[in-house]
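Chemist: Quick one, what's the 3D model for this:
(2 chains)
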Amino acid sequence: MSADTTLGLGRPAARLRVDHVGHAWDLQRLALPAVFVAAAVGFVIIGGGNLDLGPDEAKIGLSAVEPIGPFGQSLGGWEPSIWVGAYLPSKLWYLASGMWESAIVRWPAVIAAIVTALIVVRTVRTKAGVRMASLCAVTWFGSIAMMDRSGDAGLDLIAGMGTILAVNRLLAGGASWTVGLFASWAFLAGGWPPLAMIGLTSILLGRSGASINYKVIIPVVLTVVGWSAWALATTRAEVWAAALTLPLTKSSAWMMAATVLGLGLPWSPFAALAFSPSIRDQWKPEGRAYLVGWGQVAIASLIAGTVIPGFATAATMTALAGLSVVAAASLDATLQATLTTKARVWLAFAAITLAVLWTVFAVVWGVQLALNIAYYRAISITLIALAIGLVTIVAASSWLGDRRGQIASLILLAVSFKLAHFGHHVPEWNYRHSQAPWGRAIGQWLPRSYPVHVLHAWPTDLVFAIERPVRHIVDPRLLPDRPGPSPKFILLLASEFEHWQTDKWPKIVPVARFQDEVGEGRVLARTEGEFSWRKAATEAAAED
Amino acid sequence: MRYVIVAACLLAAATAGWLSWETSHNRLVWDHFDVVKPGILYRSGQLNRNQLIDAVGRFGIKTVVNFQIEGPGVAFERSTAKSLGVDFVNLPMPGDGFGDEAQFREVLKACDDPARRPVLIHCARGTCRTGAAVAFYRYERDGWTIADVNREMRRQSYSDGWIAGYVLAMTKGRPPKDIFEPKVTREAYLPAAPAPEPIKEVDIEHLPIVESATSERNTHVR
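Modeler: Numbers count the residues shown, from 1 in each chain, chains lettered A, B, ... in the order given. Predicted coordinates for the structure are as follows:
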């Protein structure tokens, strides 16, 4: 219905009202998407698939290239620590791209980080305004956790997405079917610890609207029952039970809180500003319960993740989200409030300390790096220049009491972290610690459809990097009868090859010998018989 | 404030100048030093006497391989190595890293011998000749792919791109080779195929007629 401004028959459209300045309205509308996209691209999407996989993530990658089941699979057996939801996005990525590489694990995590931010930032905008939502996008994407996203740092973005969004919805709108759906996803991707975290949140909040009700319970119960039925129909009950009890076998993560605070840098220290009433008083009344709730969730997650065995991964994600939201809310409040002395001092102290520590580190380490390794010279000089600019801005803004300047210095610090991660950490990790070159060295010796057999477990990141199906056999005598094309390939330690019982076991011939990263020997061998790459390639082409 | 800024700029310029001077004289850092494989193979550019003594002490280097052409520098390093009780090998090759296979295999021999390793290999800058020797080691001992070897060379400041392929051609084992057989594809070079047998002319008129088969086929057609 069109608005009639003369007769007052309806509410006039915003564009017709003289009290709305068109340009300002447009800019304000564009500000949040622009900040969101810039932060997502700058901090997360650039270099999103570069980091090679570590041992835990490689299990997801291995599961993604196997048939779908209630659990992941590695070495031809079930992997109870990998839930179906954890590897399903990677499976889809693998099917779409056809590429057997670390990107099939990395890019789904990037997407999960963006989807999580999209929904949380939208909620923050509704509850607390555009500026706070923009800051929230920066504090989320601009944290070390979102730059890295690796499972080896204790991060699980896929299950974390379900947990964070369920908690977010619980805080913003109370228990609903949506919470149930998010919680169901969290269960499928991470098992019961995420559900326990969601339940803990509900109990902690103690609000009537946020208490768990049938709308949450029904989808979750249906998911648990459906998944259990699938699991029990597909495999033995022991695997199902192992998946459920695995978290209980873990010990308490005593360093979890310190790790989370580190992963939340450079923003996590500023969440502490929320303890100041002068900060909380600036929060809009309609959003205060939501923001306070996230603060409570962060604290509870830090405690629960540290103390309760098996909770660390699920709690890390909610703690990071809580710190991110509360830090954004606190920094936003500093822009409009007269702060108490304690809050003012903490803001300046934390900003200056971070800036100075980083500057000292960047200058000393950067000079050393630039002189030693020419490959890193450009990034080192850039980081040193940024660090000098950073310390100048933070000193000047603290001297002048300019809080915008202090926040700008934190953004500059986050940019420096990203550059250091992208330009140094990732290539250095890939070169020094990744198993990818060692795995590809093995994989190049046999066609893609030929499985590699092993007699014991090998590092999963090495197995993933071989880029061929790897199958564990319990007895060498089974080798000739394994399914798949012949001859059969087997990866052995040099000592295993030397002690191969030629009179009892199938005859094998060495294909290639390798050394690992410390000089220990490996041998790729195959059963006797003719093998021709030409024939294998022809057969593969015929199958295609 | 203005004086502070000017003083800071002067200090920064002086520091940068000092760093550049010291670096250019190889006194500040170990030029292009890196660990290829702990306890087995290390690489660097030209180290000065003190740095070489430090490297031998810190990593227990037993063999130093120098790829530079014989001259006063090489002679000095030889005498330094001798005074340290370290084996010294000189494998002079062109500065672009295009050495001979036999030279690269000498490096492998030293690395494979527990009595001679750890081995420190170096040239002037530690990029081309040293990079070529490391590439050869990666292919022959670690089995790395050419892409990974090339990536490692780029990381060590080698940007020309052809050494990885040049060295690969010298390696013994490379998969898959038989996919490219026959090696000579020009038809004229292939062994002559036996001539096809001439088609015999058949007298159709005198062929036997199988009545039952003919009638059955006709039935099916209908």
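
Chemist: Going by C-alpha atoms from here, please, whenever you check contacts or count neighbours.
Modeler: OK.

Chemist: show me what contacts residue A:438?
Modeler: The contact partners of residue A:438, by C-alpha atoms under 8 Å, 6 or more residues apart in numbering or on different chains, come to A:462, A:465, A:466, A:516, A:517, B:142, B:143, B:144.

Chemist: quick one: the residue nearest the centre of chain B from residue B:142, how far?
Modeler: With distances taken as C-alpha atoms, centre = their mean, the residue of chain B nearest its centroid is residue B:135 (2.1 Å). Note on residue B:135: its distance to residue B:142, by C-alpha to C-alpha, to the nearest Å, is 10 Å.

Chemist: pLDDT at the residue of the stretch 351-500 of chain A found nearest chain B, what is it?
Modeler: The minimum distance from the stretch 351-500 of chain A to chain B, using C-alpha to the nearest C-alpha, falls at residue A:441 (4.6 Å). pLDDT for residue A:441: 94.

Chemist: got the contact list for it?
Modeler: Shown in contact with residue A:441 (C-alpha under 8 Å, 6+ apart): A:466, B:142, B:143, B:144, B:145.

Chemist: sorry, back to before: ok, of the contacts of residue A:438, which one's closest to residue B:120?
Modeler: Of all these, the one with the least separation from residue B:120 (C-alpha to C-alpha) is residue A:517, at 16.9 Å.

Chemist: where do the strands sit along chain B?
Modeler: B:34-37, B:41-44, B:63-66, B:87-90, B:119-122 (DSSP state E).

Chemist: quick revisit: just give the closest residue to the residue nearest to the centre of chain B, not the sequence neighbours.
Modeler: Leaving aside its sequence neighbours, residue B:135 sits nearest to residue B:149 (C-alpha to C-alpha, 6 or more residues apart in numbering or on different chains; 6.0 Å).

Chemist: That neighbour - how many residues pack around it?
Modeler: 25 (other C-alpha atoms under 10 Å in any protein chain shown).

Chemist: follow-up on the earlier one: next secondary structure after the helix or strand the residue of the stretch 351-500 of chain A closest to chain B falls within?
Modeler: Using DSSP states H and E, residue A:441 sits within helix A:436-443. Per DSSP H and E, the first helix or strand lying C-terminal to helix A:436-443 is strand A:452-454.

Chemist: Within its sheet, name the partner strands of that following strand and how each one runs.
Modeler: Strands adjacent to strand A:452-454 in the sheet, as given by DSSP bridges, are strand A:470-472 (parallel), strand A:489-493 (parallel).

Chemist: Can you dump the C-alpha atoms of the longest one in CSV for me?
Modeler: Backbone C-alpha positions of strand A:489-493 (Å, rounded to 0.1, in the frame of the first residue of the first chain) are rendered in CSV as follows:
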residue,chain,number,x,y,z
PHE,A,489,50.8,-52.1,-3.4
ILE,A,490,52.0,-52.0,0.2
LEU,A,491,53.7,-49.3,2.2
LEU,A,492,56.3,-50.6,4.6
LEU,A,493,58.9,-49.3,7.0
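
Chemist: circling back: thought the residue nearest to residue B:135 was touching residue B:138?
Modeler: Yes. Under the criterion of C-alpha atoms under 8 Å, residue B:149 makes contact with residue B:138 at 7.0 Å.

Chemist: Any idea how many residues pack against the nearest residue to residue A:370 once chain neighbours are set aside?
Modeler: Spatial nearest neighbour of residue A:370, chain neighbours left out: residue A:377 (4.2 Å); criterion: C-alpha to C-alpha, 6+ apart. Residue A:377 has 17 neighbouring residues, counting by other C-alpha under 10 Å.

Chemist: list the buried ones in the helix or strand where residue A:123 lies?
Modeler: Using DSSP H and E, residue A:123 sits within helix A:103-128. Across helix A:103-128, burial judged by 16 or more other C-alpha atoms under 10 Å in any protein chain shown covers A:103-114, A:116-117, A:119-125, A:127-128.

Chemist: What helices and strands are in contact with the next helix or strand after it?
Modeler: Going down the chain from helix A:103-128, the next helix or strand is helix A:130-141, by DSSP H and E. Applying 3 or more C-alpha pairs under 8 Å, 6 or more residues apart in numbering or on different chains; DSSP states H and E, one finds that helix A:130-141 contacts helix A:22-39, helix A:103-128, helix A:312-334.

Chemist: got CSV for the ones you listed, with mean pLDDT and distance to residue A:302 too?
Modeler: Shown next, in CSV, are these (pLDDT from 0 to 100; distance: least, C-alpha to C-alpha, whole Å):
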stretch, mean pLDDT, distance to residue A:302
helix A:22-39, 77, 26
helix A:103-128, 94, 20
helix A:312-334, 93, 6
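
Chemist: Select, out of these, the one closest to residue B:16.
Modeler: Within the helices and strands packed on helix A:130-141, the stretch nearest residue B:16 is helix A:22-39; the backing value is 33.6 Å (C-alpha to C-alpha).

Chemist: so how far is the very next helix or strand once past that closest one from its chain's centroid?
Modeler: Going down the chain from helix A:22-39, the next helix or strand is helix A:55-64, by DSSP H and E. Distance of helix A:55-64 from the chain centroid (C-alpha atoms, centre = their mean, to the nearest Å) equals 14 Å.

Chemist: now swap in stretch B:164-174 and tell me
Modeler: A distance of 7 Å separates the C-alpha centroid of stretch B:164-174 from that of its chain, computed with C-alpha atoms, centre = their mean.

Chemist: So for that stretch, mean pLDDT?
Modeler: 89.

Chemist: and that stretch, how far apart are its ends?
Modeler: Span of stretch B:164-174 from end to end, C-alpha to C-alpha: 14 Å.

Chemist: Tell me the buried residues in it?
Modeler: Going by neighbour count (16+ other C-alpha under 10 Å), the buried part of stretch B:164-174 is B:164, B:166, B:167, B:168, B:170, B:173, B:174.

Chemist: got it, and stretch A:443-450?
Modeler: Residues of stretch A:443-450 classed as buried: A:443, A:444, A:445, A:446, A:447, A:450 (neighbour count, 16+ other C-alpha under 10 Å).

Chemist: And the contacts of it?
Modeler: With C-alpha under 8 Å, 6+ apart, stretch A:443-450 has contacts from A:465-469, A:484-485, A:488-489, A:511-512, A:533, A:536-537, A:540, B:145, B:175-176.

Chemist: Enumerate the residues of the stretch 201-350 of chain A near chain B.
Modeler: By the rule C-alpha under 8 Å from any C-alpha of the partner chain, no part of the stretch 201-350 of chain A lies against chain B.

Chemist: For chain B, see how far away residue A:175 is.
Modeler: Distance, residue A:175 to chain B, using C-alpha to the nearest C-alpha, to the nearest Å: 52 Å.

Chemist: Verify the contact between that residue and residue A:211 for me.
Modeler: Yes. Using C-alpha under 8 Å, residue A:175 makes contact with residue A:211 at a distance of 6.4 Å.

Chemist: So for these two, which residue has more residues nearby?
Modeler: More crowded of residue A:175 and residue A:211, by other C-alpha under 10 Å: residue A:175, with 24 against 18.

Chemist: Let me see the contact set for the closest residue to residue A:373 other than its chain neighbours.
Modeler: The shortest distance from residue A:373 to any non-neighbouring residue, by C-alpha to C-alpha, 6+ apart, is to residue B:32 (6.0 Å). With contact taken as C-alpha under 8 Å, 6+ apart, residue B:32 is in contact with A:372, A:373, A:374, B:43, B:44, B:45, B:125, B:126, B:127, B:156.

Chemist: Find the pair from these with maximum spatial separation.
Modeler: Greatest spatial distance in these: A:374 and B:43, 14.4 Å, computed using C-alpha to C-alpha.

Chemist: more crowded one of these two?
Modeler: Using other C-alpha under 10 Å as the criterion, residue A:374 and residue B:43 rank with residue B:43 on top: 25 against 17.

Chemist: Please name the residues that touch the residue nearest to residue A:370.
Modeler: By C-alpha under 8 Å, 6+ apart, the residues touching residue A:377 are A:369, A:370, A:371.

Chemist: count of neighbours near the first one?
Modeler: Neighbours of residue A:369 under the rule other C-alpha under 10 Å: 20.

Chemist: which residues does it contact?
Modeler: Residue A:369 is in contact with A:376, A:377, A:380, counting by C-alpha under 8 Å, 6+ apart.
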